[in-house]
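S.K.: Sequence first, predicted coordinates after that:
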Amino acid sequence: MSEDERARGILSEADRAYLRGETELASVQSERNTRARIRNRIFEAIFDFELLVEHLSKNDRELVFEKRFEEIEGTEAMDALVSAVAFVYQATNDTDVEFETVLTEGINVAEAKDERAATVDFDLTFQSLTAEQLRKKLERGETLSLTELAFLRESDEVRMDELARYFGDDEKTTEIDDGRIQSKVTNF
């Protein structure tokens, strides 16, 4: 589904175009207003999730995620869900709330609807990413995670033709788009 086919969500079509850098606003004040409007919608939307968890019927939720997500081609559904979790993860880093607590409580709120509780084991280990480190990994024939591939895709230190060579298809270089993580990988 292309961005142009999507109906309004949290963001309007104009908001999406602005965030992608496709729109130039007439004045500094217009840009401030646009950014403030986006921030306000995000803030209010976060509170809507409690209402959705508490009052949206299971049938309605299934119609969104089973029916509509099945109709989406490629990896768009996965990308959307990964991005939603990534956004919540980033948001918790901007607050005093720990992501592990949010994740554990969120899973348990969902499971309580089915009259059960969950024990969540969450282990977060950080490692630095460098283009040189990942290039060596590719040279050794090791596989890269989606995150590592996306990092290389965005890196100025690795050319697209060089990256495509590791995937055995030098002709794909010009076809690599600016899509999300999964679609970047799929193009290889």
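M.R.: Perfect, I can see it now.
S.K.: tell me the pLDDT at the residue sitting nearest the centre point of the chain?
M.R.: Centroid-nearest residue in the chain, with C-alpha atoms, centre = their mean: residue 83, separated by 1.8 Å. Per-residue confidence (pLDDT) for residue 83: 89.
S.K.: Would you mind naming the helix or strand containing it?
M.R.: Following DSSP states H and E, one finds residue 83 within helix 76-93.
S.K.: Show me where this protein has its helices.
M.R.: Applying DSSP state H to the chain gives helices spanning 13-19, 28-55, 58-62, 69-71, 76-93, 99-112, 131-139, 146-154, 160-166, 181-186.
S.K.: name the helices or strands packed onto the second one?
M.R.: Translated: helix 28-55. helix 13-19 (3 or more C-beta pairs under 8 Å, 6 or more residues apart in numbering; DSSP states H and E). Where C-beta positions appear, they are placed from N, C-alpha and C, glycine not excepted.
S.K.: so what does the helix it packs on touch, helix or strand wise?
M.R.: Using 3+ C-beta pairs under 8 Å, 6+ apart, helix 13-19 sits against helix 28-55.
S.K.: Quick check: buried residues in the helix holding residue 83?
M.R.: Neighbour-count burial for helix 76-93, with 16 or more other C-beta atoms under 10 Å as criterion, is recorded at 76-79, 82, 88, 92.
S.K.: Next, the angle helix 146-154 makes with that helix.
M.R.: 90 degrees (axes from the mean of the first three to the mean of the last three C-alpha atoms, to 10 degrees).
S.K.: what about dumping the CA coordinates of helix 76-93 to PDB?
M.R.: Output of helix 76-93 as PDB, limited to C-alpha atoms (Å, rounded to 0.1, in the frame of the first residue of the first chain):
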ATOM      1  CA  GLU A  76       4.500  -3.500   5.200                       C
ATOM      2  CA  ALA A  77       2.500  -5.100   8.100                       C
ATOM      3  CA  MET A  78       5.700  -6.300   9.800                       C
ATOM      4  CA  ASP A  79       7.300  -2.900   9.300                       C
ATOM      5  CA  ALA A  80       4.300  -1.100  10.700                       C
ATOM      6  CA  LEU A  81       4.300  -3.200  13.900                       C
ATOM      7  CA  VAL A  82       8.000  -3.000  14.300                       C
ATOM      8  CA  SER A  83       7.900   0.700  13.900                       C
ATOM      9  CA  ALA A  84       5.100   1.000  16.500                       C
ATOM     10  CA  VAL A  85       7.200  -0.900  19.000                       C
ATOM     11  CA  ALA A  86      10.300   1.100  18.100                       C
ATOM     12  CA  PHE A  87       8.300   4.400  18.600                       C
ATOM     13  CA  VAL A  88       7.100   3.200  22.100                       C
ATOM     14  CA  TYR A  89      10.700   2.100  22.900                       C
ATOM     15  CA  GLN A  90      12.000   5.600  21.900                       C
ATOM     16  CA  ALA A  91       9.200   7.300  23.800                       C
ATOM     17  CA  THR A  92      10.100   5.400  27.000                       C
ATOM     18  CA  ASN A  93      13.700   6.500  26.600                       C
END
